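K.L.:
How does the following fold in three dimensions:
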Amino acid sequence: MRILVIEDERKVASFIKRGLEEERYIVETAADGEAGLELALHNHFDAIVLDVMLPKLDGFSVLSTLRDSGATTPVIMLTARGTTDDRVQGLDLGADDYLTKPFHFEELAARLRSILRRSSSEKTTKLSCGNITLDMVTHFAYRDDVEIELTTKEYALLEYMMRNKDRILSRSMITQQVWKHSFDPESNIIDVYIKRLRTKLERPGQPPLIQSIRGVGYRLRDMIQDEPEEQSE
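P.N.:
Alright, predicted model coming up:
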């Protein structure tokens, strides 16, 4: 799942980002209200962690604009001021939860899981492809109901491919969505992680789940057919 953290205190933003990435979320950050609002309005996020006191545009204004635009993305607000008036204002504007600084990361993570479960009541929290299932709340992966242990980047790569199953994904698309930066053209980091996923997901003698499209990228097949891998590398 993709989380946006809008927080101007660098240490706090880094602390939250690191913790959420260890929980296998894909995290983007913004250091002011204007940048955060721009990201929130033009990108998909499953939840937003939003500080109240921000430069350029405060958190209440960001939240108000988001809700006025029709965005229903769950929002947890952070504030150093734990007054009742602040909490009421945030909740009235459409915040889903409120957390007062300083806080323990474990509480933030628990509150995030809670609002994600609530927001997912009308939509599935799981992705499936063939006999592979990915639970986006617990971050567990299963093959035929047997749990598969994945690293943070393996999870992020598998989630991205499952959201785009049967679609050819170029290396640049994977890099942008999973790693958020560009590699040296000679780097084989994506190939290394694809190989790791294949080792964990695929079974000897069965058609491959992940196809290599030479010179382009990769494709995760949903309906496995008895056919050779297309232009495998």
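K.L.:
Any idea how many residues pack against residue 19?
P.N.:
For residue 19, the number of neighbouring residues by other CB atoms under 10 Å comes to 15. (C-beta placed from N, C-alpha, C; glycine too.)
K.L.:
OK, contacts around it?
P.N.:
Neighbour list for residue 19: 105, 108-109 [criterion: CB atoms under 8 Å, 6 or more residues apart in numbering].
K.L.:
For ChimeraX, write a command that selects the buried ones of the residues you listed.
P.N.:
Remark: buried members of the contacts of residue 19, expressed as a ChimeraX selection using 16 or more other CB atoms under 10 Å:
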select :108,109
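K.L.:
Quickly note the distance from residue 100 to residue 30.
P.N.:
21 Å (CB to CB, to the nearest Å).
K.L.:
Compare these two and say which one has the larger neighbour count.
P.N.:
Shown here are residue 100 and residue 30; by other CB under 10 Å, residue 30 has more neighbours (23 against 14).
K.L.:
Excluding chain neighbours, give the residue nearest to the more buried one in space.
P.N.:
With CB to CB, 6 or more residues apart in numbering as the criterion, residue 30 has its nearest non-adjacent residue at 3.6 Å, and that residue is residue 36.
K.L.:
Could I get the buried residue list for the host helix or strand of the one you found?
P.N.:
Here residue 36 is covered by helix 33-42, with elements defined by DSSP states H and E. For helix 33-42, the neighbour count (16+ other CB under 10 Å) marks 33-37, 39-40 as buried.
K.L.:
ok, these vs residue 60, which is closest?
P.N.:
Here the nearest of the buried residues of helix 33-42 to residue 60, counting by CB to CB, is residue 33; it sits at 9.4 Å.
K.L.:
How about the contacts made by that closest one?
P.N.:
6, 54-59, 61-62.
K.L.:
just residue 51 next, same as before
P.N.:
6-9, 12, 59, 77-79.
K.L.:
List the buried residues in stretch 199-206.
P.N.:
Buried residues in stretch 199-206, counting neighbours by 16+ other CB under 10 Å, are found at 200-201.
K.L.:
For that stretch, measure first residue to last.
P.N.:
Using CA to CA, to the nearest Å, the end-to-end distance of stretch 199-206 comes to 12 Å.
K.L.:
helices or strands up against the helix-or-strand element of the chain with minimal mean pLDDT?
P.N.:
Every helix and strand in the chain was compared by mean pLDDT, DSSP states H and E; the lowest is helix 84-93, with a mean of 81. In this structure, helix 84-93 makes packing contacts with helix 59-68, strand 75-79, strand 97-100, judged by 3 or more CB pairs under 8 Å, 6 or more residues apart in numbering; DSSP states H and E.
K.L.:
Packed most tightly, which of these would that be?
P.N.:
Counting by mean count of other CB atoms under 10 Å, strand 75-79 has the highest mean neighbour count of the helices and strands packed on helix 84-93, with a mean of 23.
K.L.:
Tell me the spacing between the residue nearest to residue 30 and residue 134.
P.N.:
28 Å.
K.L.:
do the same with residue 7
P.N.:
Residue 7 sits 28 Å away from residue 134, going by CB to CB.
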